[in-house]
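Visitor: Please find the sequence and the predicted model below.
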Amino acid sequence: MKETSEKTPTVELKLPILENMELVATQTADVVSKHMKLSSEKSDEIKMALIEACINAFEHSKSEEQIFIHFIIRENNLTIKVIDKGAGFDSAGVAIPNIESKLNSEESKRGWGVMLIKELMDSVSFESDHTGTTVTMVKNLENDE
Amino acid sequence: MKETSEKTPTVELKLPILENMELVATQTADVVSKHMKLSSEKSDEIKMALIEACINAFEHSKSEEQIFIHFIIRENNLTIKVIDKGAGFDSAGVAIPNIESKLNSEESKRGWGVMLIKELMDSVSFESDHTGTTVTMVKNLENDE
Amino acid sequence: MNSIIGTDEIGDVIVISTQGYLNKDLGEEIFALVEKNISDGKKKFIINLAQSDIVNSIGASIMIEIIEELQEADGTLAFCTLAPIVEKTFTIMGLTKYCSTFESQEAALEHMA
Amino acid sequence: MNSIIGTDEIGDVIVISTQGYLNKDLGEEIFALVEKNISDGKKKFIINLAQSDIVNSIGASIMIEIIEELQEADGTLAFCTLAPIVEKTFTIMGLTKYCSTFESQEAALEHMA
Ligand SMILES: Nc1ncnc2c1ncn2[C@@H]1O[C@H](COP(=O)(O)OP(=O)(O)O)[C@@H](O)[C@H]1O
Ligand SMILES: Nc1ncnc2c1ncn2[C@@H]1O[C@H](COP(=O)(O)OP(=O)(O)O)[C@@H](O)[C@H]1O
C-alpha cells in the first residue's frame, strides 16, 4: 500500500543547483527535527548526512538543474529521500575510503560522502539507474543500540 | 512566455499543515535571501510576510493538509508564491484593520496578516477562487523609494 | 522552541523575558502571566523580547489584548530590546501608539520608575 | 556567510579562526593561508572552528590536504572548539588520528608550547 501524504506528513523540497543550496535542506531538517522533538545530536547527524546526499545529487545531476528532497515524518522515524535525475551509479561499487591510503599518495582526498551518510543514519539505501538516483535514509526516534 | 525553472532558479516547498511549519518557509527564505545577497532588513521583511501568508494558507486549507511555496529567484527581485487549495476569499473585501477600533471593543484583535504582507513586500497580489488561493509577493533587490 | 524564560520583580515592575517564536502559544502564556500578576495587584509590566526575534500577527494581536487588560487595570506596558522586524511589525499594527518600546531593559525600567 | 575571521600569531603558533559553513571555498581559503605561512617558515597551526558548526566532506577533505602539507613540512596541526557534529565527522574520517582536537584554544596552545 502506498502511503499518501494524508496519512504521513511530508515536507517536500525542490532545490535548484546553486551554491550552498544544501543549506535550505539542513534548515528544513532543523525545523522538522524540532517538530519531531529529536535530540540535537540526531538532528545534527541528519543535517550532515543530508548535506552529503545533496552535494552528490547536485554534482551528478547538473544537466537537470534541480533535485528533490522529501522529509517523511513517521511515528517511529524520519525518512528522507534525496532524488536526482542524474546519470546514476553503482553504490555497491563505491570504494570504502581510508585516510591512511589517501595521505601522502596521489589518491583523491575526497570520496567520504557515502560513508558518512551510512555512519550517521540508522539505515540507508540507494536506488540508482541511468535515469537518476534516490537515496533513502532513515533516522529512528528511539536509540536501538 | 512561461518561465521555466531552467531559466529562473526556483526553490519549491510543499509543507504539511503542522504546528510551526511556517518556520520551514522562513528558514528557506533565509538561505535564498543570503544567496541573493539581500540585506538582513529585506530578509526579515520577507520572512514576516511569509509567516503571515503561510498561517492564512494553513488556516484556510485544512482539508487539503498541505500548502505549496515557490521561491522564484529573479535578477531584480525575489518572487514568492504561497499556494493553498482551500476555500478561497475575496481579498478586496478584507477590511483594513485599525488598532483604535479594536481596543476596548468586542472586535477581534486579529486580522493583521494581509495588511502586514502588503506593508512589508514591494508588491502583493491575490488570485483566489473556490479551488484555492495563490498569494504572489515580490521583494525587489533595489530600493526604489 | 519558544517559552517564557524569566519573570523578575524589580521594584514594582514585573519583567517578563521570552525566547523564540512569539506565536499564539507564547502570546497566550504571556497573557496568562500578566493576568495573574494584575490580579495580584501589579500594574507595571515590561516584556523583554531580546531573544524572540520572530513573531506572527496572532502573537502580536495577543499583545493588544494585554494592552486592553492593562488599560482597564490602569496599568502600563513597555517592550524592550525588540529585534528590528518585531519593532516594525508592532509599529505597522499601531501597538507602539499604546505602549513604549526601549532599546534596553534598563531604559524601560528607568521610564517606569 | 563563511570566512576566515582571524589569524593570530601566538608565540610560534598560527591560530586561524573561521565562521560559517566549512565547505570547499572556506577549506581552500584555510589551505592557502596555511601554505603561505608554511612558506614563511611557520610549523605550528591551530584551526579554531568555534563559529563553524557545519561542515561538508569536501571542506573536511581539504583539512586532510593540510595535514599532508604539514607532514611534509614537519609541522603540526590541531583543531579546537569543534561542534560535536564536526568532531564526529573528523573522527569518522580518521582525521583525529593525525591531529589533536581540544575543547579550548588555550588547551590547544598549551599542548603546542
Ligand atoms: N547521486 C549520485 N549520482 C551519481 N553518482 C553518485 C551519486 N552519489 C554518489 N555517486 C558516486 O559515488 C562516488 C562516491 O561518492 P561520495 O562518497 O559522496 O564521495 P565524493 O562525492 O566525494 O566522490 C562519487 O564519486 C560518485 O561517482
Ligand atoms: N489563503 C486564504 N484563504 C482563504 N481566506 C483567506 C486567506 N488569507 C486570508 N483570508 C481571509 O482574509 C481574512 C483576513 O486575513 P488576515 O489579514 O491574515 O487576518 P486573520 O487571518 O488574522 O483573520 C481572514 O480572516 C480570511 O477570512
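Guide: Good, I have the coordinates. It should be emphasised that the depicted structure is a prediction, and the values quoted were computed from it without experimental measurement. Numbers count the residues shown, from 1 in each chain, chains lettered A, B, ... in the order given. Ligands and ions are numbered 1, 2, ... in the order given.

Visitor: which stretches of chain C form helices?
Guide: Taking DSSP state H as the test, the helices found in chain C are C:24-39, C:57-72, C:84-93, C:105-112.

Visitor: of these, which approaches chain A most closely?
Guide: Proximity to chain A (C-beta to the nearest C-beta) singles out helix C:24-39 among these, at 13.6 Å. In this view, the C-beta of every residue, glycine as well, is placed from N, C-alpha and C.

Visitor: In that closest one, which residues are buried?
Guide: C:24-27, C:29-30, C:33-34, C:37-38 (16 or more other C-beta atoms under 10 Å in any protein chain shown).

Visitor: Is any residue of the longest helix along chain A near chain C?
Guide: Longest helix in chain A by number of residues (criterion: DSSP H): helix A:40-60. No - contact between helix A:40-60 and chain C is absent, the nearest approach being 12.3 Å (criterion: C-beta under 8 Å from any C-beta of the partner chain).

Visitor: Paired strands for the helix or strand just after that helix, with orientation please.
Guide: Following helix A:40-60 in sequence order, the next helix or strand is strand A:66-73 (DSSP states H and E). Strand pairing for strand A:66-73, determined by DSSP bridges: strand A:10-16 (antiparallel), strand A:77-84 (antiparallel).

Visitor: What ranges in chain A fall below the confidence cut-off?
Guide: A:1-6, A:62, A:144-145 (pLDDT under 70).

Visitor: run the last query once more with 80
Guide: A:1-7, A:61-65, A:143-145 (pLDDT under 80).

Visitor: What residues does it have near chain D?
Guide: Counting by C-beta under 8 Å from any C-beta, the residues of chain A near chain D are A:20, A:22-23, A:26, A:41, A:44-45, A:47-48, A:51-52, A:55, A:97-100, A:102-104, A:109-113, A:115-116, A:119-120.

Visitor: Show residues contacting stretch A:103-114.
Guide: With C-beta atoms under 8 Å, 6 or more residues apart in numbering or on different chains as the test, stretch A:103-114 has contacts from A:52-53, A:55-56, A:91, A:94-95, A:97, A:101-102, D:57-58, D:60-62, D:64-65, D:67-68, D:71-72, D:93, D:98.

Visitor: Check which helix or strand the spatially most distant residue from the centre of chain A maps to.
Guide: Computed with C-alpha atoms, centre = their mean, the residue of chain A farthest from its C-alpha average is residue A:104, at 30.2 Å. Using DSSP H and E, residue A:104 is not contained in any helix or strand.

Visitor: Can you report phi and psi for it?
Guide: phi 50, psi 40 (degrees, to the nearest 10).

Visitor: returning to what we had before: mind giving me the ChimeraX command for buried ones among the contacts of stretch A:103-114?
Guide: Of the contacts of stretch A:103-114, the buried ones can be selected in ChimeraX as follows, counting by 16+ other C-beta under 10 Å:
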select /A:52,53,55,56,97,102 /D:57,58,60,61,62,64,65,67,68,93,98
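
Visitor: Looking at the strands paired with strand A:66-73, spot the one closest to residue B:60.
Guide: For the strands paired with strand A:66-73, proximity to residue B:60 was assessed by C-beta to C-beta; strand A:10-16 is nearest, at 19.7 Å.

Visitor: Would you mind listing what in chain A touches ligand 1?
Guide: A:52, A:56-57, A:60, A:84, A:86-89, A:94, A:110-114, A:133 (C-beta under 6 Å from any ligand atom).

Visitor: out of those, which are buried?
Guide: A:52, A:56-57, A:60, A:84, A:86, A:88-89, A:111-114, A:133.

Visitor: quick revisit: need the CA coordinates for the longest helix of chain A. CSV is fine.
Guide: Listed next in CSV are the C-alpha coordinates belonging to helix A:40-60 (Å, rounded to 0.1, in the frame of the first residue of the first chain):
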residue,chain,number,x,y,z
SER,A,40,20.2,18.0,18.8
GLU,A,41,22.7,15.1,18.3
LYS,A,42,20.3,13.3,16.0
SER,A,43,19.3,16.5,14.3
ASP,A,44,23.0,17.3,13.6
GLU,A,45,23.6,13.8,12.2
ILE,A,46,20.6,14.2,9.9
LYS,A,47,21.8,17.6,8.7
MET,A,48,25.3,16.3,7.9
ALA,A,49,24.0,13.2,6.1
LEU,A,50,21.7,15.5,4.1
ILE,A,51,24.5,17.8,3.1
GLU,A,52,26.4,14.9,1.7
ALA,A,53,23.5,13.4,-0.2
CYS,A,54,22.6,16.9,-1.6
ILE,A,55,26.1,17.6,-2.7
ASN,A,56,26.3,14.3,-4.5
ALA,A,57,22.9,14.9,-6.2
PHE,A,58,24.0,18.4,-7.2
GLU,A,59,27.3,17.2,-8.6
HIS,A,60,25.8,14.4,-10.6
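
Visitor: Next, the angle from that helix to helix D:57-72.
Guide: Orientation check (axes from the mean of the first three to the mean of the last three C-alpha atoms, to 10 degrees): helix A:40-60 against helix D:57-72 gives 90 degrees.

Visitor: Which positions within helix A:40-60 qualify as buried?
Guide: A:42-58, A:60.

Visitor: What strand or helix carries residue A:133?
Guide: Per DSSP H and E: strand A:132-140 holds residue A:133.

Visitor: what's that strand in contact with?
Guide: A:38, A:42, A:45-46, A:49-50, A:53, A:56-57, A:60-61, A:64, A:76-89, A:117, A:121-128.

Visitor: Also stretch A:23-42?
Guide: Here stretch A:23-42 has contacts from A:11, A:13, A:15, A:43, A:46-47, A:50-51, A:54, A:69, A:71, A:73, A:78, A:80, A:82, A:139, A:141, B:11, B:13, B:18-21, B:23-24, B:27-28, B:30-32, C:1, D:21, D:54, D:84-85, using C-beta under 8 Å, 6+ apart.

Visitor: Quick one: buried ones out of the residues you listed?
Guide: Counted by 16+ other C-beta under 10 Å, the contacts of stretch A:23-42 give A:11, A:13, A:15, A:43, A:46-47, A:50-51, A:54, A:69, A:71, A:73, A:78, A:80, A:82, A:139, A:141, B:11, B:13, B:18, B:20-21, B:23-24, B:27-28, B:30-32, D:21, D:54, D:85 as buried.
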